[in-house]
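Trainee: coordinates only, no sequence provided:
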């Protein structure tokens, strides 16, 4: 009572039980859970963002720990972390996925600082984790990654070093290939998995980047599915050589065919996360709730068509 949370332990048990019942019921009704990330909600207080995500209808959650977000470890106190973990439980979410955005190939003069930031992200991820599942954290190769043709072994070795560090903290790193970089195709993503073969290194299956670079969605899913630990989707295209992203459901990706491809590859256990590019979330007039509702409706329609 004294901290404003009456019977906190009992409430925590009840919330977990209610979540389990809800998931059991929902599992009878739908094939995939749908998720949303606070990456799209940089302008919102996280204690307001999470209830909104739940209210829209999403069943899974991703928290952004990147430097510029309000939940970056250096901005978010221990007290706030405890409160946010409580809110995650109270809303009935499972442990959130983590958007880490690590500069994996940081140059020598920046490596110590990057390692400290990475360890801070691992620590905060653990504080937000509310069950005994592995912590899942996604990252690209980072802005310091060298050109693929001359540097792919360096990228590989740095990912292995990161995975070794992650293993010490019960973290699994999910690599996201990214359009507009030299690490942008499903073939390169699979090469990375085959070269590393590290239990703490998996793929973030974000077909939108492969789609933008000209790979067929079904082909990308088929190649990457054996290595996937999480699923993201937005949309986009290249215009005059520049990547222009759009919301899932607002571009040319057939979301029903995409969900069907995931199902054909037995990935129903992975939530499908709607992703919103900073090209949209940083644009004038951006409406965070309307965007979340649009992406949910698009993915839910596709999910129901496949179920």
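Mentor: Yes, it's here. Just so you know, these numbers come straight off a predicted model, no measurement behind them.

Trainee: from here on, contacts and neighbour counts on C-alpha atoms
Mentor: Fine.

Trainee: give me the neighbour count for residue 133.
Mentor: Residues contacting residue 133 under the criterion other CA atoms under 10 Å number 11.

Trainee: got it, and the one 4 residues further on?
Mentor: The number of residues packed around residue 137, counting by other CA under 10 Å, is 30.

Trainee: all helices for the stretch 1-150 of the chain, in order.
Mentor: Applying DSSP state H, counting those that start in this stretch to the stretch 1-150 of the chain gives helices spanning 8-29, 46-56, 78-90, 111-128, 148-167.

Trainee: export those helices to CSV and tack on distance to residue 135?
Mentor: Output for these, formatted as CSV (distance: least, CA to CA, whole Å):
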stretch, distance to residue 135
helix 8-29, 18
helix 46-56, 19
helix 78-90, 14
helix 111-128, 7
helix 148-167, 9
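
Trainee: mean pLDDT lowest for which of these?
Mentor: Of all the helices of the stretch 1-150 of the chain, the minimum mean pLDDT falls on helix 8-29 (a mean of 42).

Trainee: of all the helices of the stretch 1-150 of the chain, which lies closest to residue 247?
Mentor: helix 46-56 (16.1 Å; CA to CA).

Trainee: so for that closest one, what gets flagged as buried?
Mentor: Within helix 46-56, the residues that count as buried by 16 or more other CA atoms under 10 Å are 46, 49, 50, 52, 53, 54, 56.

Trainee: I figured the last one hits residue 296, correct?
Mentor: Right, the one you point to is residue 56. Yes - in terms of CA atoms under 8 Å, residue 56 counts as a neighbour of residue 296; the distance is 7.4 Å.

Trainee: residue 121 versus residue 135, what's the distance?
Mentor: 11 Å (CA to CA, to the nearest Å).

Trainee: so who does residue 114 touch?
Mentor: 102, 103, 106 (CA atoms under 8 Å, 6 or more residues apart in numbering).

Trainee: and residue 53, by the same measure?
Mentor: Contacts here follow CA under 8 Å, 6+ apart; on that basis residue 53 touches 36, 292.

Trainee: pLDDT averaged over stretch 210-218 - what is it?
Mentor: Per-region confidence: stretch 210-218 scores 95 on mean pLDDT.

Trainee: residues making contact with it?
Mentor: If you take CA under 8 Å, 6+ apart as the criterion, stretch 210-218 is touched by 178-180, 184-186, 207, 220, 235-238, 243, 253, 257-258, 261.

Trainee: among the residues you listed, which lie within strands?
Mentor: Judged by DSSP state E, those include 235, 236, 237, 238, 243 as members of strands.

Trainee: next, format those as TSV and append distance to residue 274, neighbour count and pLDDT.
Mentor: Listed next are these as TSV, based on distance: CA to CA, whole Å; neighbours: other CA atoms under 10 Å; pLDDT from 0 to 100:
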residue	distance to residue 274	neighbour count	pLDDT
235	10	26	97
236	13	22	95
237	17	20	94
238	20	15	92
243	18	16	92
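
Trainee: for those, which one is nearest residue 268?
Mentor: Nearest to residue 268 among these is residue 235, at 20.8 Å by CA to CA.

Trainee: OK, contacts around that closest one?
Mentor: 208, 211, 212, 245, 246, 247, 248, 249, 250, 251, 252, 253.

Trainee: for the fourth one, pull up the helix or strand it's in.
Mentor: Element membership of residue 245, judged by DSSP states H and E, is strand 242-246.

Trainee: run through who's touching that strand.
Mentor: With CA under 8 Å, 6+ apart as the criterion, strand 242-246 contacts 179, 180, 212, 234, 235, 236, 237, 238, 276, 277, 279, 280.

Trainee: how is residue 302 assigned, secondary-structure-wise?
Mentor: helix (DSSP: H, G, I helix; E, B strand; the rest coil).

Trainee: make sure it is actually in contact with residue 261.
Mentor: No - when contacts are counted by CA under 8 Å, residue 302 is not listed as touching residue 261 (11.6 Å).

Trainee: quick one on the thing from earlier: got a markdown table for the contacts of strand 242-246, with distance to residue 287 too?
Mentor: Below are the contacts of strand 242-246 laid out as a markdown table (distance: CA to CA, whole Å):
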| residue | distance to residue 287 |
| --- | --- |
| 179 | 25 |
| 180 | 26 |
| 212 | 25 |
| 234 | 17 |
| 235 | 18 |
| 236 | 19 |
| 237 | 22 |
| 238 | 24 |
| 276 | 12 |
| 277 | 13 |
| 279 | 13 |
| 280 | 9 |
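
Trainee: tell me the one of the residues you listed nearest residue 162?
Mentor: Closest to residue 162, out of all of these and judged by CA to CA, is residue 179, at 21.9 Å.
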